[in-house]
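Novice: coordinates for the following, if possible.
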Amino acid sequence: MEVGRLMAGPAALLMSIRHQAGALHTLQAAAAPHPPRSPPQPSHTQTFSAGRPGPAWHSPGEETEVSEPGGAQELEEERKAPGKSPKEGEESGDLSSLSPGEPSPARLARPGLARQETLRETALRSKMSRLIEATSRLVQVEQTLLLPLLQQHPLPLHPKDSIEFRNICSHMALQREGQQFERDLHEAHQCLKTIIEKLICSLAVFPSDSCIPVRSALRQILQNLLAM
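Specialist: Below is the predicted model of the structure:
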């Protein structure tokens, strides 16, 4: 019988909690914002200086070396033109120097794609947030409510599920994005769902009303998880 081969008691639960806590830490790290990427400064400066000659972009000792007549006057006229400023020109230069894979230029050039990516990213962030919240809440319930019950009555537990959950989260953290990341996120969701459902089933045979608050808390976590 499968139940007879399962670990039971506080030691098994503590093992599960340890792996779930490790998975939670990994999920939180994976959900952290990406570091911003900026174009290399040397190439940006060279491109900008080459495209916009004039005294304003040279040191005082270099002003006499400007060979293009009227350069300073043209620059002054551009500064006075409505809606035009050096800051705006610089921003335009920044966008043009980025690669096609950068998110900002792609979204500016293709608003439809920007909306699609924004909705997708928002859905992934929401799903990750709910998974982190459910994992955190599960660890808390196990530590504060379930562990004392196991001191009175051993229950069939499934530590292997928690090990698998941690492994999935570790693999997902290496991806950070893309289709594999989404698949791992889905598998992590399903694995945590299985862990909670098995705990609820184990508590169904507990011979005491003291397990009612635990079952209620676990059902609430499961409900929030399934709301994804």
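Novice: any idea which helix or strand in the protein has the lowest mean pLDDT?
Specialist: None of the helices or strands of the chain scores lower by mean pLDDT, DSSP states H and E than helix 86-97, at a mean of 44.
Novice: with adjacent residues omitted, what lies nearest to residue 176?
Specialist: residue 30 (6.8 Å; C-beta to C-beta, 6 or more residues apart in numbering). Any C-beta I mention is one placed from the backbone N, CA and C, and that applies to glycine too.
Novice: quick one: the one you found and residue 136, what's the gap?
Specialist: With distances taken as C-beta to C-beta, to the nearest Å, residue 30 is found 14 Å from residue 136.
Novice: so what does the strand or helix carrying residue 189 touch, helix or strand wise?
Specialist: In this structure, residue 189 is located in helix 179-203 according to DSSP states H and E. When contacts are defined as 3 or more C-beta pairs under 8 Å, 6 or more residues apart in numbering; DSSP states H and E, helix 179-203 packs onto helix 10-30, helix 111-141, helix 159-175, helix 212-226.
Novice: worst average pLDDT in those?
Specialist: Mean pLDDT per stretch puts helix 111-141 lowest among those, at a mean of 84.
Novice: run the angle between that helix and helix 159-175 for me.
Specialist: 150 degrees (axes from the mean of the first three to the mean of the last three C-alpha atoms, to 10 degrees).
Novice: who does helix 111-141 touch, helix- and strand-wise?
Specialist: By 3+ C-beta pairs under 8 Å, 6+ apart, helix 111-141 packs against helix 10-30, helix 103-109, helix 179-203, helix 212-226.
Novice: what are the buried residues along the helix or strand following that helix?
Specialist: Sequence-wise, the next helix or strand downstream of helix 111-141 (DSSP H and E) is helix 147-150. By neighbour count on 16 or more other C-beta atoms under 10 Å, the buried set for helix 147-150 is 149-150.
Novice: and what of stretch 151-168?
Specialist: So stretch 151-168, judged by 16+ other C-beta under 10 Å, has buried residues 154-159, 161-168.
Novice: format those residues as JSON lines; extra columns: distance to residue 132.
Specialist: Below are the buried residues of stretch 151-168 laid out as JSON lines (distance: C-beta to C-beta, whole Å):
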{"residue": "154", "distance to residue 132": "30"}
{"residue": "155", "distance to residue 132": "26"}
{"residue": "156", "distance to residue 132": "27"}
{"residue": "157", "distance to residue 132": "23"}
{"residue": "158", "distance to residue 132": "21"}
{"residue": "159", "distance to residue 132": "21"}
{"residue": "161", "distance to residue 132": "18"}
{"residue": "162", "distance to residue 132": "16"}
{"residue": "163", "distance to residue 132": "19"}
{"residue": "164", "distance to residue 132": "18"}
{"residue": "165", "distance to residue 132": "13"}
{"residue": "166", "distance to residue 132": "14"}
{"residue": "167", "distance to residue 132": "17"}
{"residue": "168", "distance to residue 132": "14"}
